[in-house]
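# need coordinates for the below:
(one chain, ligands or ions: 1)
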Amino acid sequence: MLAEIKSIAYHLTPRLIEIRRHLHTHPELSGQEYQTAAYVAGALNSLGLKVTEEVGKTGVIGEFRGEAAGTKCLGLRTDMDALPIEERTKLSFASHQPGVMHACGHDLHTTLGLGTAMVLSQLPGSLLGKVKFLFQPAEEIAQGARWMLNDGALAGIDHLLGVHVFPSIMGGSIGIRYGALTAAADDLEIIIQGEAGHGARPHEAIDAIWVAAQVVNALQQAISRTQNCLRPVVLTIGKIEGGRAHNIIADQVTMQGTVRSLHPETRAMLPEWINGIVNGVCATYGAKAVVDYKHGVPAVQNDLQLTQIVETAAREAWGNDKVEILPEPSLGAEDFAVYLDQVPGSMFRLGVGYPDRHNYPLHHPLFEINEEAIVTGVVTMAYSAYKYFHPQ
Ligand code: NI
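Residues are numbered from 1 along each chain as shown. Next up, the predicted model:
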């Protein structure tokens, strides 16, 4: 079966490169993937899949049922949205949309979903089950998975497979991760209320800027002294705003940040822990604080069984040299995790780096993809699906 899948995928590669370049030229922002969704639905329809549109706003689902009977259903999720970035590559197929760029490889992800559907639809008798292709919107704003979930996208799915490109792995290679792949990402807003006054007479005021500085330092120090260093927590205050003029003591400061963690127990105690530190520091200096902790997406925890299937499929398809077991998770976030609260699943990393030049990171205006990854991704996904239905 591997040889057949490979031969079909190699044959399709020129067409898949065209698709990927078309999507790259026409990127759409999160929640506005109208053209992309229509394009995806058209392609799935032409393959004869059962297509449902407007799942989770602009999401699309294509259902493939093998001719052979089988009860299991594998979900295959890819995302479709682009980022508010002005592309600076000089590629012939660079974005035609000012200020919008596929800088996270979701153009490739969409292509992989379509490519896998194309391969499997040429092998109708070979799959003992059903594959549901989820084309998800709005991953970059961590909303799309929730939208699709609320629209019933996971109905009937037993396991969910996902993929994300990774520029530090070379094109043609695959990264496999057991356990946590990405971190839980929560949002933090802190408002510190002091008392305005004359810049020359601080003792008559409560300086919210100075208190905010103490709060930022206290949080960073407390992480190193009170959190288990083997259970990572990253807290970044990325935005701070306050003050009216150079000679007026600020009465209010607003800070916004992101909080990343891997372990559910750690994550569960963070809101109260942060609240305690912020309020403790503020109380010391007579200021007041309001802490708003909003839970975002949880960590992606890869399912053991499905991860083993993908690893075996990748090793058989590409050889051990092309399969890397990733020793560490990333503290980035991925809303694929939202589905994994409901069904077990696994996401692998697809290498898109070039061996002979600098590879810009994801979300960079010069980010590029080594298109060798297309056939690697499609074969790995299609063959993983086959092995999922035909365990030896
Ligand atoms: Ni992404």
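
# residue ranges with poor pLDDT in the stretch 151-300 of the chain?
The stretch 151-300 of the chain contains no residues with pLDDT under 70.

# excluding residues flanking it in the chain, which one is nearest the residue nearest the centre of the chain?
Residue closest to the average C-alpha location in the chain (C-alpha atoms, centre = their mean): Glu334, at 2.8 Å. Among residues not flanking Glu334 along the chain, Thr182 sits closest, at 4.5 Å (C-beta to C-beta, 6 or more residues apart in numbering). The C-beta positions use only the backbone N, C-alpha and C, and glycine is treated the same way.

# hang on, His96 packs against His26?
Yes - using C-beta atoms under 8 Å, His96 is in contact with His26, at 6.4 Å.

# out of those two, which sits in the busier spot?
The residue with more neighbours, out of His96 and His26, is His26; 18 against 11, by other C-beta atoms under 10 Å.

# tell me how far the nearest residue to the more buried one once chain neighbours are set aside lies from Leu108.
Closest residue in space to His26, ignoring its immediate chain neighbours: Gln35 at 5.9 Å, by C-beta to C-beta, 6+ apart. Separation of Gln35 from Leu108 (C-beta to C-beta, to the nearest Å): 17 Å.

# the two: who's more crowded?
Leu108 (28 against 14).

# three-state assignment of that one?
Following DSSP: H, G, I helix; E, B strand; the rest coil, the label given to Leu108 is helix.

# residue contacts, it?
Counting by C-beta atoms under 8 Å, 6 or more residues apart in numbering, Leu108 touches 20, 102, 165, 350, 352, 369, 373-374, 377.

# domains of the protein?
In terms of domains, the chain is parsed into 2-182+299-389, 184-297 (source: automatic domain parsing).

# thinking again about what came up before, restricted to strands, list the contacts of Leu108.
With DSSP state E as the criterion, strands contain 165, 350, 352 from among the contacts of Leu108.

# off-centre distance for stretch 327-335?
A distance of 9 Å separates the centroid of the chain from that of stretch 327-335, by C-alpha atoms, centre = their mean, to the nearest Å.

# stretch 269-288 now?
32 Å.

# flag every buried residue along it.
270-271, 273-275, 277-279, 281-282, 287-288 (16 or more other C-beta atoms under 10 Å).

# kindly report the same for stretch 46-60.
47, 49, 51-53, 55-60.

# one step back: so where does the residue nearest to His26 fall, helix or strand?
helix 34-46 (DSSP states H and E).

# all helices for the protein, in order.
Under the criterion DSSP state H, the chain contains helices at 2-25, 34-46, 106-121, 144-150, 208-226, 264-284, 304-318, 336-340, 372-389.

# among the buried residues of stretch 46-60, which lie within strands?
Counting by DSSP E, these contribute 51-53, 55, 59-60 to strands.

# which two in these are spaced the farthest apart?
Within those, two members stand farthest from each other by C-beta to C-beta: Val51 and Gly59, at 11.4 Å.

# ok, how many other residues are close to the closest residue to His159 other than its chain neighbours?
With C-beta to C-beta, 6+ apart as the criterion, His159 has its nearest non-adjacent residue at 5.1 Å, and that residue is Leu306. Residues lying near Leu306 (other C-beta under 10 Å) number 22.

# Leu306 and Leu134, how far apart?
Leu306 is 15 Å from Leu134, by C-beta to C-beta.

# for Ile209, same thing?
47 Å.

# these two: who's more crowded?
A direct count of neighbours by other C-beta under 10 Å for Ile209 and Leu134 places Leu134 higher, at 27 against 16.

# report the beta-bridge partners for that one.
With DSSP bridges as the criterion, Leu134 is bridged to Ile61, Arg77.

# what is the end-to-end distance of stretch 144-158?
Taking C-alpha to C-alpha, to the nearest Å, stretch 144-158 runs 20 Å from one end to the other.

# I'm done for today, thanks for sticking with me.
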